[in-house]
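Visitor: Sequence and computational prediction follow.
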Amino acid sequence: MEGTFRNFNQGELYVYSLDPQAKGRKDTLQLMNGKFAFEMPLEDSITLSIIFPNFSELPVFAHQGATVTLSGDASHLRDTEIIGTPDNEQLTEFRLSTNDMTPPEVLKAVGQFVEDHPQSDASLYLINKYYVLLAEPDYKEALRLLGLMVKASPTSEKLKEYRSQLEQIRLTSLRSTLPTFSAVTVDGQRVSNADLQGKLAIVSIWATWKLDGYMQRQLRELKRRYGQRLAIVGICMDPSVKDCRDAMRRDSITWPTICDALVWQSPLVSQLGITDVPDNFVLNSRGVIIARNLSAQQLTDKMNTLFEYQDK
C-alpha cells in the first residue's frame, strides 16, 4: 500500500485491521514529504482502516499480492481516490458519487450498491457503516442486505461470522439484558456483568484515538456525586495498554477499566455488541439496557433523572 497526500507533509497515520483474519494487526505509518509506503503479509483478503491525526478514517481493502494506491488532499479526505483492486475502486466511486447526496439518498445508494456488488468487500463495509454503526442501528435492513451477500457467496466464512456478530449485537438493543461478560482490568482485577447488578450502572466505551474529554469529565462528576450508588466500567479500545493507563492517569479515571489491546478483535466486541467509539450503555439495577450511545450531556441528564426518581 502506498499513498500521497497534499497538505500533509510529515506525520504519522495509524492503521488497524477491521477483520478477525488479521489477528489484531496494527501499525503506524510514517508520512514523509506527503508520501508513505507500507507492506503487510496476508493469507486472505482483509479490510484495514487508516486513521488520520484529525481522527478521520479511510477504509482500504487489502488483497494478497495486490498493490493499493491512495491519493488525495489531507484537507478533503472524503475525495481521496483509492485504486488497485475492484472493491477499492468501487468504494471510491461510491464515495465520490454520494458526497453531495442527502442521507436518504445515500441509504438508497447503499442498497443499490449491495445489490449490484454482493460479492464485494465494499458492500460489507457499507452495510456496517450505514446500518450498524448508528445511534439507532437498523439491524433488520442490515441483515436483509447481508442475506444478499450470503446468497451470492454461500461458502464465505467472513460473511457467516459477520452475520453471527450482527445477531449478537441485537442482544444489546434497548430493553435487553446486558450479555454476560468477564474480563481483566488494566489493574489486573476481574470484572464482570455481575459487578453491575443491584445499582444503576454505566458501561463506557472509549479510545485515546477518538477521545471525548467532556464525556470523561462528566463521568467523573457523576461518580463523585453518586459514589457507590453508581457503578461504572470502562472499556478502552486502544491497541496499547500503556496509552490507556496514561489517559486514565491524565483524566483521573478511577473506575475499573478493561483494555486488552485487541481493538476490534477483542472478545468484548462480539459479546457486548460494541459497534462504535465512543459508545455507552446505561443499565438499571436489573442489568437491563435502558439507554445507549448518549452524548455527555444526555448521559448526565439521564443519570440525574434516574437518581432523582430513586430518591422520591
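Guide: Perfect, thanks for sending it.

Visitor: if you average pLDDT over stretch 35-55, what comes out?
Guide: Taken as a whole, stretch 35-55 has a mean pLDDT of 86.

Visitor: same check, this time on stretch 184-194
Guide: On average, stretch 184-194 scores 95.

Visitor: For it, which residues meet the burial criterion?
Guide: 185, 186, 191, 193 (16 or more other C-beta atoms under 10 Å). Where C-beta positions appear, they are placed from N, C-alpha and C, glycine not excepted.

Visitor: Which of the residues you listed fall in strands?
Guide: With strands defined by DSSP state E, the entries of the buried residues of stretch 184-194 inside them are residue 191.

Visitor: pretty sure residue 74 is touching residue 6, no?
Guide: Yes - in terms of C-beta atoms under 8 Å, residue 74 counts as a neighbour of residue 6; the distance is 6.6 Å.

Visitor: Who has more neighbours out of the two?
Guide: residue 74 (18 against 12; other C-beta atoms under 10 Å).

Visitor: excluding its backbone neighbours, what's nearest that one?
Guide: Distances taken as C-beta to C-beta, 6 or more residues apart in numbering put residue 8 closest to residue 74, at 3.5 Å, once the chain neighbours are dropped.

Visitor: Likewise for residue 257?
Guide: residue 234 (3.7 Å).

Visitor: now swap in residue 247 and tell me
Guide: Of all residues beyond its chain neighbours, the one nearest residue 247 is residue 208 (4.9 Å), with distances taken as C-beta to C-beta, 6+ apart.

Visitor: Pull the contacting residues for that neighbour.
Guide: Residues near residue 208 by C-beta atoms under 8 Å, 6 or more residues apart in numbering: 236, 238, 243, 244, 246, 247.

Visitor: Any figure for the gap between it and residue 39?
Guide: Distance, residue 208 to residue 39, using C-beta to C-beta, to the nearest Å: 26 Å.

Visitor: And residue 213, by the same measure?
Guide: Distance, residue 213 to residue 39, by C-beta to C-beta: 36 Å.

Visitor: Of the two, which one has the most company?
Guide: residue 213 (11 against 8).

Visitor: in the stretch 151-300 of the chain, which segments are predicted with low confidence?
Guide: Applying pLDDT under 70 to the stretch 151-300 of the chain flags residues 168, 171-174.

Visitor: which residues does residue 156 contact?
Guide: Neighbours of residue 156 in contact, by C-beta under 8 Å, 6+ apart: 149, 150.

Visitor: Please repeat the previous calculation with a cut-off of 10 Å.
Guide: By C-beta atoms under 10 Å, 6 or more residues apart in numbering, the contact set of residue 156 is 119, 124, 149, 150, 162, 163.

Visitor: Then residue 66?
Guide: 1, 42, 45, 84, 85, 88.

Visitor: Residue 285 and residue 307 touch, don't they?
Guide: No - using C-beta atoms under 10 Å, residue 285 is not in contact with residue 307, being 11.7 Å away.

Visitor: list the residues that contact both of those two?
Guide: Common contacts of residue 285 and residue 307 (C-beta under 10 Å, 6+ apart): residue 200.

Visitor: any idea how far the spatially closest residue to residue 300 that is not a sequence neighbour is from residue 4?
Guide: Nearest residue to residue 300 in three dimensions, chain neighbours excluded: residue 218, at 5.0 Å (C-beta to C-beta, 6+ apart). Spatial separation of residue 218 from residue 4 under the definition C-beta to C-beta is 41 Å.

Visitor: Show me what the host helix or strand of residue 202 is packed up against.
Guide: Secondary structure assignment for residue 202, by DSSP states H and E: strand 200-206. If you count contacts as 3 or more C-beta pairs under 10 Å, 6 or more residues apart in numbering; DSSP states H and E, strand 200-206 packs onto helix 213-226, strand 230-236, strand 257-258, helix 267-272, strand 279-283, strand 289-292, helix 296-311.

Visitor: same thing but 7 Å
Guide: Judged by 3 or more C-beta pairs under 7 Å, 6 or more residues apart in numbering; DSSP states H and E, strand 200-206 is in contact with strand 230-236, strand 279-283.

Visitor: Touching that strand from outside, list them.
Guide: With C-beta atoms under 7 Å, 6 or more residues apart in numbering as the test, strand 200-206 has contacts from 212, 219, 229-237, 274, 277-285, 303, 306.

Visitor: again, only using 6 Å
Guide: 230-236, 274, 277-283, 306 (C-beta atoms under 6 Å, 6 or more residues apart in numbering).

Visitor: angle of that strand against strand 279-283?
Guide: Angle of strand 200-206 versus strand 279-283, following axes from the mean of the first three to the mean of the last three C-alpha atoms, to 10 degrees, is 170 degrees.
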